[in-house]
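Visitor: Prediction below, plus the sequence it came from.
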Amino acid sequence: MVTLYDYPYIHTSKVRKFILSIKPEYHTPLFPDSILDNEERDKSFLVRDIAYTNSIHKIYLCKMRNIDQLSRGDVLLIYRMKDEKGAAYYRSVVSSICIVEEIKKASDFKSTEEFIKYANAYSIFNENELRKWYTEYGMTLIKMTYNIAFDRRVTRGELIEQVGLSAGDYWGFMQINDEQFKNIISRGKINESLIID
């Protein structure tokens, strides 16, 4: 059960856990406490005083295989995809933990205006982009709470070599098991008192 009364505590018992990839240009504005060290010089531009940056609520729109299987209470490990500065093995990282609040499709809204009103405040996308997303076949809207930023980012290389994730799997969105989750958050050096089994 998702409740903001417990925020930022995360209940992990009997809930599903997934990795969700986010493009680098969206990652830092949405998850400012998860900014990468080498982005520091751009921090004042990347992290501005706007709703989607400052709120614990985040809305992300995407089209990924099986993403619509998400449900309220699922745990998401946010995976920042690689940028142009290097290989994914080193540059793609798990940076933070979110909890799914709601999953919606375009058909859940009566009109484009209703969709924009719902998504506008907490989404990285502007109104014109939201209009395009609304008409995009297979679009899924994920509303989530941003609970914990990792103190140490966990690279794709570690996820493959140490956690046991398969390099051949689809990394846009994938389910992980409890042991893999525990391994990842241990490597991320988060405050473990925030995790409730």
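Guide: Alright, I've got the coordinates.

Visitor: Now do the contacts for the residue sitting nearest the centre point of the chain.
Guide: The centre of the chain sits closest to Ile78, judged by C-alpha atoms, centre = their mean, with a distance of 3.7 Å. Neighbouring residues of Ile78 by C-beta atoms under 8 Å, 6 or more residues apart in numbering: Leu20, Ile22, His27, Phe31, Ser34, Val94, Ser95, Ser96, Ile97, Cys98. Heads up, the C-betas are built off the backbone N, CA and C, glycines and all.

Visitor: One more pass at 6 Å, please.
Guide: By C-beta atoms under 6 Å, 6 or more residues apart in numbering, the contact set of Ile78 is Ile22, Ser95, Ser96.

Visitor: ok, the last one touching Phe31?
Guide: Going back to what we said before, that points to Ser96. Yes. Counting by C-beta atoms under 6 Å, Phe31 is a contact partner of Ser96 at 5.3 Å.

Visitor: wait, doesn't Arg187 sit right on Val154?
Guide: Yes. Arg187 is within contact range of Val154, at 4.7 Å (criterion: C-beta under 6 Å).

Visitor: which one of these two has more residues nearby?
Guide: Using other C-beta atoms under 10 Å, the more surrounded residue of Arg187 and Val154 is Val154, with 23 against 18.

Visitor: Is that one located within a strand, as I assumed?
Guide: Yes. Counting by DSSP: H, G, I helix; E, B strand; the rest coil, Val154 is part of a strand.

Visitor: in terms of contact, does it touch Ser96 like I think?
Guide: No. Applying C-beta under 6 Å as the test, Val154 and Ser96 come out as separate, 10.7 Å apart.

Visitor: what secondary structure does Met64 sit in?
Guide: Assigned with three-state DSSP, Met64 falls in the coil class.

Visitor: how about it, what does it touch?
Guide: So Met64 contacts Gly172, Phe173 (C-beta under 6 Å, 6+ apart).

Visitor: one step back: so for Ser96 and Phe31, which residue has more residues nearby?
Guide: Ser96 (24 against 21).

Visitor: Tell me which helix or strand comes right after the strand or helix carrying the more buried one.
Guide: Using DSSP states H and E, Ser96 sits in strand 93-105. Scanning forward in sequence from strand 93-105 by DSSP H and E, the next helix or strand is helix 112-119.

Visitor: what sits up against the helix or strand that comes right after that next one?
Guide: Note on helix 112-119: by DSSP H and E, the next helix or strand toward the C-terminus is helix 127-135. Residues from elsewhere that reach helix 127-135, judged by C-beta under 6 Å, 6+ apart: Leu61, Ala106, Thr112, Phe115, Ile116, Ala119, Met139.

Visitor: Give me the neighbour count for the second one.
Guide: If I follow you right, that is Ala106. With other C-beta under 10 Å as criterion, Ala106 counts 17.

Visitor: follow-up on the earlier one: list the buried ones in the strand holding Ser96?
Guide: Val93, Val94, Ser95, Ser96, Ile97, Cys98, Ile99, Val100, Glu101, Ile103, Lys104 (16 or more other C-beta atoms under 10 Å).

Visitor: Over to stretch 6-15?
Guide: Here stretch 6-15 shows Ile10, His11, Val15 as buried, counting by 16+ other C-beta under 10 Å.
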